[in-house]
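1. I'll drop the sequence and a predicted model, then ask my questions.
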Amino acid sequence: MKKSKSLVLVGMPGAGKSTLGVLLAKELALDFVDTDVLIQLRENRTLQEILNETGYLNLRRIEGEVIESACLPNHVIATGGSAVYSEAGMKNLASFGPVVFLNCSADELRRRIHNYDSRGIAKAPGQSFEELFEERQELYRKYADITVDCDDRDLQQVLDQVLAELEAADQSRD
Ligand SMILES: Nc1ncnc2c1ncn2[C@@H]1O[C@H](COP(=O)(O)OP(=O)(O)O)[C@@H](O)[C@H]1O
Ligand SMILES: O=C(O)C1=C[C@@H](OP(=O)(O)O)[C@@H](O)[C@H](O)C1
Ligand SMILES: [Mg+2]
């Protein structure tokens, strides 16, 4: 069976998954979904409310359930930064198409995100940004089929780079 044409974006909060995902969907004539929105619709509350009311591990658990059961052929799929904690969820998403890691340095992410403590990040209380960055870097690399460096690139340049990498991956398969 031919693999569907979806594309899965992973990376830290602030890497550009949601913003870039919409642009990629337009460029590739695909549908777009942000799994954060799927979580909120299922729970009928915001991610921040889930975090405040039930804690970060429960948010990760719900996220895992949502991405494990989602059927998303022909979509650009923007995940939340914590999606990679769910092995079964990532396995399901990867069945729809290649996983693209938007790789930003901690310094670049810090320039983009000023509300680290109130952005609704699914992390242990007291865990520093640098500690979280290190812990996740390994996971993003584990699932990535394609890695695109985002430092010193504006959105259009990242978009062009993702398209070029996809094209190159397609050609190497032919
Ligand atoms: N390549 C980029 N250069 C500069 N700013 C960017 C870039 N990609 C995303 N941003 C900005 O970073 C912020 C976070 O982007 P967002 O798409 O919400 O990231 P994510 O979904 O990965 O958390 C937004 O303000 C967005 O405009
Ligand atoms: O990295 C995280 O722990 C999270 C990132 C958020 O998505 P973005 O990566 O799109 O900001 C969202 O899924 C949730 O608030 C948890
Ligand atoms: Mg996002």
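-> Cool, the structure landed. Ligands and ions are numbered 1, 2, ... in the order given.

2. what about Ile77, distance to Gln171?
-> Applying C-beta to C-beta, to the nearest Å, the value for Ile77 to Gln171 is 23 Å. Yep, even glycine has a C-beta here, placed from its N, CA and C like the rest.

3. Tell me which of the two has more neighbours.
-> Ile77 (28 against 8; other C-beta atoms under 10 Å).

4. so what's the more buried one bridging to?
-> Listed by DSSP bridges, the beta-bridge partners for Ile77 are Val8, Val33.

5. my guess is it contacts Ser6, does it?
-> Yes: with contact defined as C-beta atoms under 8 Å, Ile77 counts as touching Ser6 (6.0 Å).

6. Give the residues shared as contacts by those two.
-> Common contacts of Ile77 and Ser6 (C-beta atoms under 8 Å, 6 or more residues apart in numbering): Phe96.

7. which one is Ser86 nearest to, not counting chain neighbours?
-> Gly64 (3.3 Å; C-beta to C-beta, 6 or more residues apart in numbering).

8. and the protein, which residues reach ligand 1?
-> 11, 13-19, 78, 112, 150, 153-155, 158 (C-beta under 6 Å from any ligand atom).
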